[in-house]
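A.B. asks: No sequence on hand, only this structure:
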């Protein structure tokens, strides 16, 4: 939600868009100090926070939790929601020296959500 | 982390540069690698390095603009190693840095034949082989194409190169959407200026046409990267390895930008 929007989440979306560009500003400023700054952009990932948000969405729409979960899953071309390990692996990559020429970039871990 | 044990990779333009280093890193991480290229002598050097490090790799002579040769390259790979799991569309040429109005149609088409047709043909001919193997890996099979910062932002006197690299970026997304149900992930890598034989020979050619011009070009390029230096081949090879491994199992249809901050400003 720092790349695209959905209804009823304006403050979250603004915050995440802010993270994306703050990352770039910091990357430019800190490059001479050899501090790399990047952002990770998860799709919907099965965490406690997301599970409870989907529950609330379901209540608001008057449908079961599973209906919402299926709808959200369907927006990920890869056919599933993310799991925390998917994001952790990207974090490990960015933390390691393997990514030593990456700064100011966005690593999108979303099963294809924003590719369409 | 970042292991590709048991996977079979085909790397176009794998004789040297980004492709050659990617071949070395994938082989070190456990993959069997087929390097394709027109450059046989340089491929031999890369193969020798892989073998002396205990890796397994073969060479196949291949012009990426030729569809029949793509079919043959994939068949060679599946005959030799039993399948295909990772395709790195790396073969590509730079533009001639001429003013737009001086670029010939033939010159435009020649660049597209390698940078665009080559990527399309690679995807087309890899897919049937990959569909047979995708179930073997938690992250499915992986198609990785080398785009460029010039696939994200423009550059003067680079009309054909920018068109081709922007094309690679969007082909990647189209393919990713189409192939997701088949468990084939498709992503692009966008290098900044990287210290490769291609870049060094370009700078040398500039020095030959006007002394000092090549060095000024390189100095100017460095100044555009906030990290203060150009990238090295392994910077790209590490990103290739990450996208080839199951660590990137939820990553598809996206761009990995390895540019020292070039496009962040």
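C.D. replies: In hand now; what should we look at? In this text, all values refer to a predicted model and were calculated from it rather than measured experimentally. Numbering: from 1, shown residues only, chains lettered A, B, ... in the order given.
A.B. asks: Not counting sequence-adjacent ones, nearest residue to the most centrally placed residue in chain B?
C.D. replies: For chain B, the residue nearest the mean C-alpha position is residue B:90 (2.1 Å; C-alpha atoms, centre = their mean). Nearest non-adjacent residue to residue B:90, counting by C-beta to C-beta, 6 or more residues apart in numbering or on different chains: residue B:19, 4.0 Å away. Bear in mind the C-beta positions are built from the backbone N, C-alpha and C, glycine included.
A.B. asks: Surely that neighbour is in contact with residue B:87?
C.D. replies: No: the criterion here is C-beta atoms under 8 Å, and residue B:19 misses it with residue B:87 at 11.8 Å.
A.B. asks: contacting residues for residue 34?
C.D. replies: By default, I'm working from chain A. With contacts defined as C-beta atoms under 8 Å, 6 or more residues apart in numbering or on different chains, the neighbours of residue A:34 are residue B:227.
A.B. asks: wrong one, I was asking about chain B
C.D. replies: When contacts are counted by C-beta under 8 Å, 6+ apart, residue B:34 is found next to B:8-11, B:14, B:57-60, B:73, B:76-77, B:80-81.
A.B. asks: ok, back up a step: so the residue nearest to the centre of chain B sits right up against residue B:10, yeah?
C.D. replies: No: counting by C-beta under 8 Å, residue B:10 is not a contact partner of residue B:90; they are 10.1 Å apart.
A.B. asks: For the residue in the stretch 51-200 of chain B that chain A sits nearest to, give its distance to residue A:28.
C.D. replies: Of all residues in the stretch 51-200 of chain B, the one sitting closest to chain A is residue B:180 (3.6 Å; C-beta to the nearest C-beta). The span separating residue B:180 from residue A:28 equals 34 Å under the rule C-beta to C-beta, to the nearest Å.
A.B. asks: So between the two, which is more surrounded?
C.D. replies: The residue with the greater number of neighbours, taking residue B:180 and residue A:28 and applying other C-beta atoms under 10 Å in any protein chain shown, is residue B:180; the counts read 22 against 16.
A.B. asks: where's that one relative to residue B:209, distance?
C.D. replies: To residue B:209, residue B:180 is 47 Å away according to C-beta to C-beta.
A.B. asks: what comes up buried for the longest helix that chain A contains?
C.D. replies: For chain A, the longest helix by residue count, based on DSSP state H, is helix A:10-30. Residues of helix A:10-30 classed as buried under the neighbour-count rule (16 or more other C-beta atoms under 10 Å in any protein chain shown) are A:13, A:16, A:23-24, A:26-28, A:30.
A.B. asks: Check stretch A:80-87 too.
C.D. replies: For stretch A:80-87, using 16+ other C-beta under 10 Å, the buried residues are A:81-82, A:86-87.
A.B. asks: helices or strands next to the longest helix of chain A in the packing?
C.D. replies: With contacts defined as 3 or more C-beta pairs under 8 Å, 6 or more residues apart in numbering or on different chains; DSSP states H and E, the packing partners of helix A:10-30 are strand A:39-42.
A.B. asks: try it again with 10 Å
C.D. replies: The contact analysis (3 or more C-beta pairs under 10 Å, 6 or more residues apart in numbering or on different chains; DSSP states H and E) places helix A:10-30 against strand A:39-42, strand A:106-109.
A.B. asks: Next, see if the lowest-mean-pLDDT helix or strand in chain A gets close to chain B.
C.D. replies: Counting by mean pLDDT, DSSP states H and E, the weakest-scoring helix or strand in chain A turns out to be helix A:48-61, with a mean of 87. No: remark: helix A:48-61 sits outside contact range of chain B, by C-beta under 10 Å from any C-beta of the partner chain, the gap being at least 14.0 Å.
A.B. asks: could you give the angle of that helix to helix A:10-30?
C.D. replies: If you take axes from the mean of the first three to the mean of the last three C-alpha atoms, to 10 degrees, helix A:48-61 sits at 150 degrees to helix A:10-30.
A.B. asks: Residues contacting helix A:48-61, please?
C.D. replies: The contact list for helix A:48-61, computed with C-beta atoms under 10 Å, 6 or more residues apart in numbering or on different chains, reads A:8-9, A:12, A:42, A:44, A:46-47, A:63-69, A:71-72, A:81-82.
A.B. asks: any idea how far residue B:119 is from the spatially most central residue of chain A?
C.D. replies: To find the centre residue of chain A, average its C-alpha atoms and take the closest one (C-alpha atoms, centre = their mean): that gives residue A:42, at 2.5 Å. When distances are taken as C-beta to C-beta, residue A:42 and residue B:119 turn out to be 28 Å apart.
A.B. asks: likewise residue B:187?
C.D. replies: Computed as C-beta to C-beta, the residue B:187 to residue B:119 distance reads 13 Å.
A.B. asks: Please identify every residue contacting each of the two.
C.D. replies: Taking C-beta under 10 Å, 6+ apart as the contact rule, residue B:187 and residue B:119 both touch B:143, B:145, B:147, B:172, B:175.
A.B. asks: Contact partners for residue 85?
C.D. replies: In the absence of a named chain, this looks at chain A. By C-beta under 10 Å, 6+ apart, residue A:85 lies in contact with A:45, B:138, B:247, B:249-250.
A.B. asks: try chain B instead
C.D. replies: B:4, B:6-10, B:31-32, B:77, B:126, B:129-130, B:133-134, B:136-137, B:139-142, B:184, B:244.
A.B. asks: Report pLDDT for it.
C.D. replies: Turning to residue B:85, the model gives it a pLDDT of 98.
A.B. asks: Not counting its neighbours along the chain, what's nearest it?
C.D. replies: Once its chain neighbours are removed from consideration, residue B:85 has its nearest residue in residue B:7; the separation is 4.2 Å (C-beta to C-beta, 6+ apart).
A.B. asks: Just give the number of residues close to that neighbour.
C.D. replies: Based on other C-beta under 10 Å, the number of other residues close to residue B:7 is 25.
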